[in-house]
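**Student:** sequence below, structure please.
(one chain, ligands or ions: 1)
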Amino acid sequence: MNKAENSKCLLLNADYSPLRIISWQKAIIWSIKYDNNPTFKIEIIEYYKDKYIQGTNDKQFKVPLVAKTQKYFNIHNRSLKFSRKNLFIRDDHTCQYCGIRFNQNELTYDHVIPKSQFHPDKKNATNWLNIATACVKCNRKKSNKTPEQANMKLLNIPKKPFYEPRYLPLAKELPTIYSSDSDQKEWIKYIDGYF
Ligand SMILES: [Zn+2]
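**Tutor:** Numbering: from 1, shown residues only. Next up, the predicted model:
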């Protein structure tokens, strides 16, 4: 019963593509609060099968599992905040020099043009267009050189990514979700193919 308290609800866009993960509390609050608001209205479309929240007066509430917005949110032209996590997702956890895939904790980020050579302002060196995922070994080898100076070729030109469902804060939870005893197994039909 205690586990129900931390349950998450998958929020889908009006076209049923995954949009966000929210708490069950938020799902209930939004579904009530925005009931007459066409922009923010959400509808709960599935509940956890065996989870209940004990309310006052012996009332039990079902826990939202999946909800959907009424309005379609065009999120694909929304740019993403630069972060290590989003960077590794953009580069598919693959070192952009040797092409090998690594776990997140074995990856680093490389300034393509090193900070020391970035003109006019070093502070601007950390941005989507000048950062690439690199494994520890390649990053060490490249050191404070440009790819040309180090004679190392980038597999892809770094680009600014736009929002897609694969950037949902799900990556860490996915193995649990896909395991056979997960409560959120019901999410799979909505998220499969987006990761
Ligand atoms: Zn590498």
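**Student:** return the distance of stretch 80-100 from the chain's centre.
**Tutor:** Using CA atoms, centre = their mean, to the nearest Å, the distance from the centre of stretch 80-100 to the centre of the chain it belongs to is 12 Å.
**Student:** now the nearest residue to residue 30 once chain neighbours are set aside. Its backbone dihedrals?
**Tutor:** Among residues not flanking residue 30 along the chain, residue 42 sits closest, at 5.0 Å (CB to CB, 6 or more residues apart in numbering). C-betas here are computed from N, CA, C, even on glycine. Taking degrees, to the nearest 10, you get phi -130, psi 150 for the backbone angles of residue 42.
**Student:** next: residue 107.
**Tutor:** Here is the backbone geometry of residue 107 (degrees, to the nearest 10): phi -110, psi 150.
**Student:** any idea how many residues pack against it?
**Tutor:** Using other CB atoms under 10 Å, residue 107 has 21 neighbouring residues.
**Student:** and the gap between it and residue 163?
**Tutor:** Separation of residue 107 from residue 163 (CB to CB, to the nearest Å): 22 Å.
**Student:** tell me which residues of stretch 41-49 are tucked away?
**Tutor:** Residues 41, 42, 44, 46, 47, 48 are the ones in stretch 41-49 that count as buried (16 or more other CB atoms under 10 Å).
**Student:** contacts for it?
**Tutor:** 4, 7, 9, 11-12, 27-28, 30-31, 34-35, 62-71, 183, 186 (CB atoms under 8 Å, 6 or more residues apart in numbering).
**Student:** helix, strand or coil for the residue of the chain most remote from its centre?
**Tutor:** Residue distances from the centre of the chain (CA atoms, centre = their mean) peak at residue 57, which lies 38.8 Å from the mean C-alpha position. At residue 57 the chain is in coil, as set by DSSP: H, G, I helix; E, B strand; the rest coil.
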